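Q: requesting a structural model of the entry that follows:
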Amino acid sequence: MVLPIARLLMLMRRGSGKDLSTTKKQCVMVTNNFIDVYADTHIRSSVGMIAEAIRLTDSGSAAVLGCGRCGEIPVRLLNETFELVDLVDIDREALAAVDEQCKKWDEEKNSYQVHCTDLTGMIARVERRASELVAKTVDPVACLEQLGVLLESTAPEFWAPPRGERYDLLVCSMVLTQLQALVRESVEKIYLGRFPEYAPAMLKHKSWCESVWNFARNLEDDFIEHLGTLIKPQGIVYLSETVHVSWLTQLDEQSVSTEGRWITLRTSRLTDYLRPGDTIIKEQHWDWLREDKEGDFCGRLYGVQAVIYRVS
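A: Modelled structure (predicted):
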């Protein structure tokens with residue numbers, strides 16, 4: 001498939017469908033305070049949706065799970081609205097950057113609490129066991145099957161707030177696919193550290209690929225179920241994810257090509273993960289062009305889906 005650059009730019013600026021005019025007004029209002037009004041569609045759309053979720057709760061406590069550097073999170077609005085805001089991520093440098101920025105704002109009210117942790121509670125355990133398996137193996141191919149079994153059989157121990165309270169609002173922006181990716185990559189790093197020549201085999205080994213797929217989908221299901229234990233009855237959850245992805249190859253200054261569009265989750269709809277009792281308040285979708293060089297690819301085009309829902 002060949003796409004002209006102009007078409008990609010149109011996709012990137014298209015916004016969020018039939019709610020575009022309303023969303024633009026909301027985003028401008030929010031971004032004037034928190035981010036550059038000329039930031040890309042992904043940031044503007046995310047901030048607008050999260051701001052709407054905040055207005056639906058309006059008080060109490062909130063948590064941002066997998067917050068990263070909060071690039072698409074209106075953290076100042078969270079601070080103004082809630083008595084407690086927990087920012088949770090495994091990336092210590094990202095959290096330090098967020099913490100430094102929050103201190104620079106020097107607001108009278110400071111409701112932020114930073115937690116550096118593995119949301120899944122799996123990484124340390126699978127790394128330890130994977131190191132043991134890889135160290136003693138004499139068959140690199142058979143070891144891949146063992147590592148796949150390890151992923152599928154290790155139960156997550158999801159993060160919960162140390163105080164044991166439940167939140168009025170949970171923000172989970174682009175975290176669902178990252179949960180399994182971080183665990184899987186920790187295992188791959190150990191395996192390839194000893195058997196770098198088997199990197200191509202990891203892409204084709206049937207048992208390993210099936211185990212990784214099952215592990216990822218089960219972890220995603222379990223995480224959504226876990227959110228129900230963190231939120232108060234009738235609490236609000238904002239969930240977003242890159243449900244589709246296309247890898248782009250530059251052909252010339254005017255066009256790029258892609259071999260297709262891949263689904264990153266179990267199905268093509270993010271809301272399929274929700275529980276029967278959850279009530280969808282609003283859904284939006286937008287396209288997000290990332291022009292980062294990656295091997296032979298010049299970037300990725302993501303199809304982002306976002307949903308605000310109320311927990312029963």
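
Q: to the chain's geometric centre, what's the distance from stretch 263-271?
A: 13 Å (C-alpha atoms, centre = their mean, to the nearest Å).

Q: what sits up against that stretch?
A: 176-177, 217, 220, 239-245, 272-273, 280, 283, 305-307, 309 (C-beta atoms under 8 Å, 6 or more residues apart in numbering). Placement of C-beta: from N, CA and C, glycine included.

Q: mind listing the helices for the stretch 201-312 of the chain?
A: Counting by DSSP state H, counting those that start in this stretch, the stretch 201-312 of the chain has helices at residues 206-230.

Q: please convert the buried members of the contacts of stretch 263-271 into PyMOL selection syntax.
A: Filtering the contacts of stretch 263-271 down to the buried ones (16 or more other C-beta atoms under 10 Å) takes a single PyMOL command:
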select buried, resi 176+177+220+239+240+241+242+243+244+245+273+283+305+306+307+309
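
Q: just the ones of the contacts of stretch 263-271 in strands?
A: In strands, defined here by DSSP state E, the members of those are 239-245, 280, 283, 305-307, 309.

Q: of those residues, closest to Lys104?
A: Lys104 has its nearest neighbour among those in Ser240, at 26.8 Å by C-beta to C-beta.

Q: if you skip the residues just before and after it, what's nearest to Ile123?
A: Nearest non-adjacent residue to Ile123, counting by C-beta to C-beta, 6 or more residues apart in numbering: Ser186, 5.2 Å away.

Q: does that neighbour touch Glu127 like I think?
A: Yes - counting by C-beta atoms under 8 Å, Ser186 sits close enough to Glu127 to count as a contact (5.2 Å).

Q: can I get the ones in strands among the contacts of stretch 263-271 in JSON lines with pLDDT?
A: Listed next are the ones in strands among the contacts of stretch 263-271 as JSON lines, based on pLDDT from 0 to 100:
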{"residue": "Leu239", "pLDDT": "98"}
{"residue": "Ser240", "pLDDT": "98"}
{"residue": "Glu241", "pLDDT": "97"}
{"residue": "Thr242", "pLDDT": "96"}
{"residue": "Val243", "pLDDT": "97"}
{"residue": "His244", "pLDDT": "95"}
{"residue": "Val245", "pLDDT": "94"}
{"residue": "Ile280", "pLDDT": "98"}
{"residue": "Glu283", "pLDDT": "98"}
{"residue": "Gln305", "pLDDT": "97"}
{"residue": "Ala306", "pLDDT": "98"}
{"residue": "Val307", "pLDDT": "98"}
{"residue": "Tyr309", "pLDDT": "98"}
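
Q: kindly reformat those residues as CSV containing distance to Ser61.
A: Below are these laid out as CSV (distance: C-beta to C-beta, whole Å):
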residue, distance to Ser61
Leu239, 18
Ser240, 21
Glu241, 24
Thr242, 28
Val243, 29
His244, 33
Val245, 34
Ile280, 23
Glu283, 25
Gln305, 26
Ala306, 22
Val307, 21
Tyr309, 18
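
Q: which residues in the stretch 1-150 of the chain form helices?
A: 5-13, 20-34, 41-57, 75-81, 92-105, 123-136, 140-153.

Q: list the buried residues for the fifth one?
A: It stands for helix 92-105. Buried-residue list, helix 92-105, by 16+ other C-beta under 10 Å: 94-95, 98, 102.

Q: any idea how far Arg194 is from the most far-flung residue of the chain relative to its centre?
A: Going by C-alpha atoms, centre = their mean, the residue of the chain most distant from its centre is Val138, 36.7 Å out. Val138 is 12 Å from Arg194, where distance means C-beta to C-beta, to the nearest Å.

Q: also Met122?
A: In terms of C-beta to C-beta, Met122 sits 21 Å off from Arg194.

Q: of the two, who's got more company?
A: Using other C-beta atoms under 10 Å as the criterion, Met122 and Arg194 rank with Met122 on top: 23 against 13.

Q: thanks a lot, catch you later.
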